[in-house]
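K.L.:
Provided below are the primary sequence and the corresponding predicted coordinates.
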Amino acid sequence: MGLTSGGAPLPPLSRPRWLRRLPHVVICLIALAVGLTGTDETSAAYRLDVELGLLAGTAQGVALVLALWRPVPAWWLSLSATFVVAVAARSNMADMVAPGPNWPWLGPAIIAHAFILLLLALRMPARVALAVLTITGLITAFTQGVLGGGPYSGTGLLAVSVFAVAVLLGTAVRGNREARSQLVEQESLTAEERSRRTLLEERNRIARELHDVVAHHMSVISIQAQVAPHLVDNPSDELRENLDGIRQNALEALTELRRVLGVLRSENPDDPYGLGAPGTGAAPHAPQPTLDRLDVLVENTRTAGLTVTTEISGERLPLAPGVELSAYRIIQEALSNVLRHAPGSVVRVELTHFPRGLQIRVVNSAPRRPAPPSPGAGHGLLGMRERAMMLGGTLMAVETSCGGFTVAAFLPRSGVAAPTGSAPGDRAPDHRASGAFDFDFNIPGTANRVNRTHPTSPKNPINRNPKNLKNPKNPTGDTS
């Protein structure tokens, strides 16, 4: 950055609003005072013409105001005016009586130049401010030490000392401001990176679980393709060839899935199957839970100190394996949140089967005692929402009017969102009309009823902004 740049803008005060331009007003008043006193003192001390004194005083005042926007040109103007006045005064100081006037810097000029250097240091890099200070010192030394003059009181050393303090102060303030700005930027980047990493970790965990489901189906395809020729009398060679091709493709896909699953499950990608070290007792390929284990999950939650009730309604139809797994995980995460953030509350788990899918509601009352701080990683609500969206479903989490919390989700039965142009009989029921998504908190400790829009409704503000799903008491969705 050269010595002709305007530099960064002078930061205005932001609070209160009327103080935003206060520094500019103060500088303008100081410039007016410097201009008036500089004009008078230049004419009186150096016996110069009034016109030249007025020109010198005006130049110092204008330079000080100009420094608010263009500090480097302002510095050049102030230094040039001082040098011209000092040279012009040499001829008039020959017949003066000692100790003589202050020279080469008068008091108003020192004040104006110090403020200019302060503003320059606030807006320009430190190397530019140091270069400006060095040039000012050299010109001052040349004027006072080389040119010299008649009897005078030397002000060069005093002026350079004041200028050095102004530059040092401005550089320190600028450095502190830049450090704070970089810290805020770094914190923002860190928070964004943490959020991205959390999302990727949760998606990775979901992918690990769903790989088991896909691998199971591929195994079934391979076995059925192998057995099929034995179920037909005298199968043709073409049929055997096609079934053998299906089996080979299924086995190859299964092998690749196992490799991917091993990398996802292993903390060390060099361990391709994620088996871990011998003797660790790890079971990397343990079966994934389904809703058949819901009673065990609820019982474990009761053992942890919560009062939990379950309610299952509707005709239970077969669910896709991914839907079963995601439903179980959503309920598990919701109960974990209650354990951590609402100790002593009463919880109700509701499962409602519809022709098009499964509705899940986990409702808890207000906590009976303060919740201890949770050092979680923020995977809770994020993971539940990812699971629901992955299957074409919806999830909403809201705080109730009685101080409790509700997590509600709807998962399509097949794990795929209903097509837009489907027939009326194939569409999911209107839960808004049936009241399926009215949150009725008639459980001990709660006596309020809160009606919420169906999660799939475009009028639902949560669908317009997923960030609104965060719990005010647990804004990160922490479950760990």
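P.N.:
Received the coordinates, thanks.
K.L.:
so where's the stretch 1-150 of the chain uncertain?
P.N.:
1-18 (pLDDT under 70).
K.L.:
which residue ranges of it form strands?
P.N.:
102-103 (DSSP state E, counting those that start in this stretch).
K.L.:
same deal with the stretch 151-300 of the chain?
P.N.:
Under DSSP E, counting those that start in this stretch, the stretch 151-300 of the chain gives strands at 153-154.
K.L.:
which intervals of it have sub-threshold pLDDT?
P.N.:
Those would be 205-213, 215-217, 257-287, if you go by pLDDT under 70 across the stretch 151-300 of the chain.
K.L.:
burial of residue 76, as a residue count?
P.N.:
Residue 76 has 18 neighbours, counted by other C-beta atoms under 10 Å. All C-beta atoms are positioned from the backbone trio N, CA, C, and that covers glycine.
K.L.:
assumed residue 310 was part of a strand.
P.N.:
Yes. Counting by DSSP: H, G, I helix; E, B strand; the rest coil, residue 310 is found in a strand.
K.L.:
what about it, neighbour count?
P.N.:
Neighbours around residue 310, by other C-beta under 10 Å: 14.
K.L.:
so what's it closest to, chain neighbours aside?
P.N.:
residue 349 (4.7 Å; C-beta to C-beta, 6 or more residues apart in numbering).
K.L.:
state the distance from that neighbour to residue 299.
P.N.:
With the distance defined as C-beta to C-beta, to the nearest Å, residue 349 ends up 12 Å from residue 299.
K.L.:
who's more crowded, those two?
P.N.:
Using other C-beta under 10 Å, the more surrounded residue of residue 349 and residue 299 is residue 349, with 22 against 11.
K.L.:
surely that one is in contact with residue 313?
P.N.:
No. Residue 349 is beyond contact range of residue 313, at 12.0 Å (criterion: C-beta atoms under 8 Å).
K.L.:
count of residues packed around the residue nearest to residue 219 when sequence neighbours are not counted?
P.N.:
In space, and not counting its chain neighbours, residue 219 is closest to residue 254: 6.1 Å by C-beta to C-beta, 6+ apart. For residue 254, the tally of surrounding residues (other C-beta under 10 Å) stands at 18.
K.L.:
quick one: residue 254 and residue 218 touch, right?
P.N.:
Yes. Taking C-beta under 8 Å as the contact criterion, residue 254 and residue 218 are neighbours in contact, 4.4 Å apart.
K.L.:
right, and residue 405 touches residue 367 too?
P.N.:
No. The pair residue 405 / residue 367 is not scored as a contact, 9.4 Å apart, by C-beta under 8 Å.
K.L.:
the protein: helices as residue ranges?
P.N.:
Along the chain, counting by DSSP state H, helices occupy 22-46, 50-66, 71-90, 107-123, 126-141, 156-227, 237-265, 294-303, 321-341, 380-390, 431-434, 461-464.
K.L.:
so which of these is the most packed in?
P.N.:
The highest average neighbour count among the helices of the chain, using mean count of other C-beta atoms under 10 Å, belongs to helix 107-123 at a mean of 24.
K.L.:
what is that helix packed up against?
P.N.:
The contact analysis (3 or more C-beta pairs under 8 Å, 6 or more residues apart in numbering; DSSP states H and E) places helix 107-123 against helix 22-46, helix 50-66, helix 71-90, helix 126-141, helix 156-227.
K.L.:
low-confidence ranges in the stretch 351-480 of the chain?
P.N.:
Using pLDDT under 70, the flagged stretches of the stretch 351-480 of the chain are 373-379, 417-480.
K.L.:
can I get the helices of the chain in a markdown table including distance to residue 400?
P.N.:
Formatted as a markdown table, the helices of the chain follow (distance: least, C-beta to C-beta, whole Å):
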| stretch | distance to residue 400 |
| --- | --- |
| helix 22-46 | 48 |
| helix 50-66 | 60 |
| helix 71-90 | 58 |
| helix 107-123 | 52 |
| helix 126-141 | 56 |
| helix 156-227 | 26 |
| helix 237-265 | 37 |
| helix 294-303 | 19 |
| helix 321-341 | 13 |
| helix 380-390 | 16 |
| helix 431-434 | 18 |
| helix 461-464 | 15 |
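K.L.:
out of these, flag the one nearest residue 148.
P.N.:
Among those, helix 71-90 comes nearest to residue 148, with 7.8 Å by C-beta to C-beta.
K.L.:
off-centre distance for the closest one?
P.N.:
49 Å (C-alpha atoms, centre = their mean, to the nearest Å).
K.L.:
from the contact counts, what lies against it?
P.N.:
Helix 71-90 packs on helix 22-46, helix 50-66, helix 107-123, helix 126-141, going by 3+ C-beta pairs under 8 Å, 6+ apart.
K.L.:
can you report how many residues lie near residue 106?
P.N.:
26.
K.L.:
what's the distance between it and residue 306?
P.N.:
On the measure of C-beta to C-beta, residue 106 and residue 306 end up 81 Å apart.
K.L.:
ditto for residue 172
P.N.:
56 Å.
K.L.:
again with residue 112
P.N.:
73 Å.
K.L.:
and if you look at residue 78?
P.N.:
Counting by C-beta to C-beta, the gap from residue 78 to residue 306 is 75 Å.
K.L.:
CA atoms of stretch 87-106 as PDB?
P.N.:
As requested, the backbone C-alpha atoms of stretch 87-106 are provided in PDB (Å, rounded to 0.1, in the frame of the first residue of the first chain):
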ATOM      1  CA  VAL A  87      11.800  28.500   5.400                       C
ATOM      2  CA  ALA A  88       9.900  31.800   4.800                       C
ATOM      3  CA  ALA A  89      10.400  32.800   8.500                       C
ATOM      4  CA  ARG A  90      14.300  32.300   8.400                       C
ATOM      5  CA  SER A  91      14.900  35.700   6.900                       C
ATOM      6  CA  ASN A  92      12.700  37.500   9.500                       C
ATOM      7  CA  MET A  93      14.400  35.800  12.500                       C
ATOM      8  CA  ALA A  94      17.900  37.200  11.800                       C
ATOM      9  CA  ASP A  95      17.400  40.400  13.900                       C
ATOM     10  CA  MET A  96      15.200  38.800  16.600                       C
ATOM     11  CA  VAL A  97      16.300  38.800  20.200                       C
ATOM     12  CA  ALA A  98      17.000  35.400  21.900                       C
ATOM     13  CA  PRO A  99      15.400  33.000  22.700                       C
ATOM     14  CA  GLY A 100      13.300  33.800  19.700                       C
ATOM     15  CA  PRO A 101      10.100  32.100  18.500                       C
ATOM     16  CA  ASN A 102       9.300  28.400  18.400                       C
ATOM     17  CA  TRP A 103      10.700  27.000  15.200                       C
ATOM     18  CA  PRO A 104      10.300  25.100  12.900                       C
ATOM     19  CA  TRP A 105       7.100  23.800  14.500                       C
ATOM     20  CA  LEU A 106       4.500  26.100  16.100                       C
END
